[in-house]
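Trainee: Structure for the following, please:
(one chain, ligands or ions: 2)
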Amino acid sequence: MPAIVAPVSSVRPAGYSAAQIALHWIMAAMVLFQVVMGENIGPAWKAFREGTTPAEADLFAANVHVAIGMGVFALAVIRLFLRVTHGAPPLPSGQSRLQTAIAHAVHGVLYLVILAMPVSGGAAWFGGVELAGTIHHFAKPVIVIAVALHVAGALVQHFVKKTDVLTRMLRPERSAA
Ligand code: HEM
Ligand code: HEM
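Mentor: Ligands and ions are numbered 1, 2, ... in the order given. The predicted structure follows:
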């Protein structure tokens, strides 16, 4: 069966490709920026809901948030395509079932973040869907917890368990595109 139609979990390369690694780190920076600077869209969002005109600086900050967020969505689509076609290396052996379950669950939440945050934000901003704005707003602590667990897991793997989990997200698998 060609890799492109194989289920995600059946594709098991030795490592991530250079494109997957570049996307991971560029998107990590974009998502962190969105989370740290997210509240800057607040004044313009409030002005639109109240039917008033936002200050120019507030509108600029809002446009930056919207543009970067939509960029995250575009890159997420490419990333998912690469995830299906190239796959991902298996987790290192010797992990407990609980650790494996947490790692997979956190990765799932992070994939959800890069897809659902732009969609909910877009529904609120372009479509005026209040509920989408509320969901978007309350997702912030979920993202912070998921990223904290994700980073802690990567650091424990590298410094305590001394596996290659962190280095394989830094150095591409040889011969991979
Ligand atoms: C904040 C935004 C971030 C997002 C959305 C994110 C997302 C993801 C996702 C979805 C995966 C799974 C890739 C796959 O196998 O399909 C992954 C893997 C990984 N991430 Fe992140 N990540 C972020 C930040 C970070 C940071 C700051 C670190 C630094 C320690 C990091 C280290 C790693 C490592 C080492 C892996 C590889 C895990 C493995 O090979 O099993 N990530 N990331
Ligand atoms: C990965 C993508 C995104 C992330 C991580 C993100 C994150 C955030 C955060 C942290 C806030 C502040 C929440 C708070 O008030 O505490 C926020 C607010 C907001 N964002 Fe995003 N955002 C993303 C994409 C987008 C996109 C693409 C749009 C629009 C097209 C958008 C529209 C909004 C709006 C309208 C608000 C104000 C909603 C409110 O706080 O009630 N976001 N975002």
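Trainee: give me phi/psi at Gly15?
Mentor: Backbone torsions for Gly15, taken as degrees, to the nearest 10, come to phi -160, psi -180.
Trainee: Enumerate every residue touching the closest residue in space to it that isn't next to it in sequence.
Mentor: Excluding the flanking residues, the one nearest Gly15 by CB to CB, 6 or more residues apart in numbering is Glu173, at 3.0 Å. Bear in mind the C-beta positions are built from the backbone N, C-alpha and C, glycine included. By CB atoms under 8 Å, 6 or more residues apart in numbering, Glu173 lies in contact with Pro13, Ala14, Gly15, Tyr16, Ser17, Pro89.
Trainee: shaky segments in the protein?
Mentor: 1-11, 175-177 (pLDDT under 70).
Trainee: what does it have sitting close to ligand 1?
Mentor: Residues of the chain lying close to ligand 1 by CB under 6 Å from any ligand atom are 24, 27-28, 31-32, 83, 88-89, 91, 107, 110-111, 113-114, 147, 150-151, 154, 165-166, 168-169.
Trainee: Narrow those to those that are buried.
Mentor: Among those, those scoring as buried are 24, 27-28, 31, 83, 88-89, 107, 110, 113-114, 147, 150, 165, 168-169 (criterion: 16 or more other CB atoms under 10 Å).
Trainee: Give the phi and psi angles for the residue of the chain positioned farthest from its centre, as a check.
Mentor: Residue distances from the centre of the chain (CA atoms, centre = their mean) peak at Thr52, which lies 33.0 Å from the mean C-alpha position. Phi and psi for Thr52, reported as degrees, to the nearest 10, are phi -100, psi 170.
Trainee: Let's check: the centremost residue of the protein is which one?
Mentor: Ile114 (3.9 Å).
Trainee: got the buried residues for the helix or strand hosting it?
Mentor: Using DSSP states H and E, Ile114 maps to helix 97-125. Under the neighbour-count criterion of 16+ other CB under 10 Å, helix 97-125 has 99, 103, 106-107, 109-110, 113-118, 120-125 buried.
Trainee: Run through these and flag the ones next to ligand 2.
Mentor: Ile114, Met117, Pro118, Gly121, Gly122, Ala124, Trp125.
Trainee: before we move on, the earlier item: of the buried ones among the residues of the chain next to ligand 1, just say which sits nearest to Val129.
Mentor: Val113 (18.7 Å; CB to CB).
Trainee: Which strand or helix spans the closest residue to that closest one other than its chain neighbours?
Mentor: Closest residue in space to Val113, ignoring its immediate chain neighbours: Ile143 at 5.4 Å, by CB to CB, 6+ apart. Using DSSP H and E, Ile143 maps to helix 130-155.
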